[in-house]
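Undergrad: build the 3D model from these lines:
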Amino acid sequence: MARAFVYNNGVLAGILEKRGPDDYLFTYEKDYLADAGMPSISLTLPRSEGSHHSTVLFPFFAGLLAEGINKDIQCRLLKIDEEDDFSRLLKTAGSDTIGAITVKEIPA
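TA: Numbering: from 1, shown residues only. The predicted structure is shown next:
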C-alpha cells in the first residue's frame, strides 16, 4: 500500500492511499475538518469525516499530472512507468504545482 500526505497551501488536509490496483482512498485529517475555515480540496472531494473511495486515481489528483511531452520527460528522467499515475503523482506533485495542493509520499 502506498500513501501520501495531501496539503492545501501547506496545511495537512488529508491522506491519499492506493490500497490495490483498483482501490484508492482519500481521508481528510480530523484537525483539518475541525477548522471550519478550511475548504474542501476539490468540489469532487467534499469535506467529510468519512473516506472517499474510488476504483481509479481520483480525477482531481490526476489533473495535477503533466501531460504530453512533459509527462514523457518526467517519466524518463524519474524512471516512472508512464501508466502508473499514482507513482507519477508521488514523484512530481510535492512542490511547484499549479494551485494550492501538494502531495508528499509517506515513507513505507
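Undergrad: Leu16 is in what secondary structure piece?
TA: strand 11-20 (DSSP states H and E).
Undergrad: just checking, next helix/strand downstream of that strand?
TA: Next helix or strand after strand 11-20 toward the C-terminus (DSSP H and E): strand 23-28.
Undergrad: kindly export that next one (C-alpha atoms) in PDB.
TA: Below are the C-alpha coordinates for strand 23-28, written out as PDB (Å, rounded to 0.1, in the frame of the first residue of the first chain):
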ATOM      1  CA  ASP A  23      -8.600   0.700  -4.700                       C
ATOM      2  CA  TYR A  24      -8.000   4.400  -3.900                       C
ATOM      3  CA  LEU A  25      -8.900   6.200  -0.700                       C
ATOM      4  CA  PHE A  26      -8.800   9.800   0.400                       C
ATOM      5  CA  THR A  27      -9.500  10.800   4.000                       C
ATOM      6  CA  TYR A  28      -9.500  14.300   5.500                       C
END
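Undergrad: mind listing what's buried in whatever helix or strand comes next after it?
TA: Beyond strand 23-28 on the C-terminal side, the first helix or strand identified by DSSP H and E is helix 30-34. Residues of helix 30-34 classed as buried: Tyr32 (neighbour count, 16 or more other CB atoms under 10 Å). Yep, even glycine has a C-beta here, placed from its N, CA and C like the rest.
Undergrad: brilliant, that's me finished.
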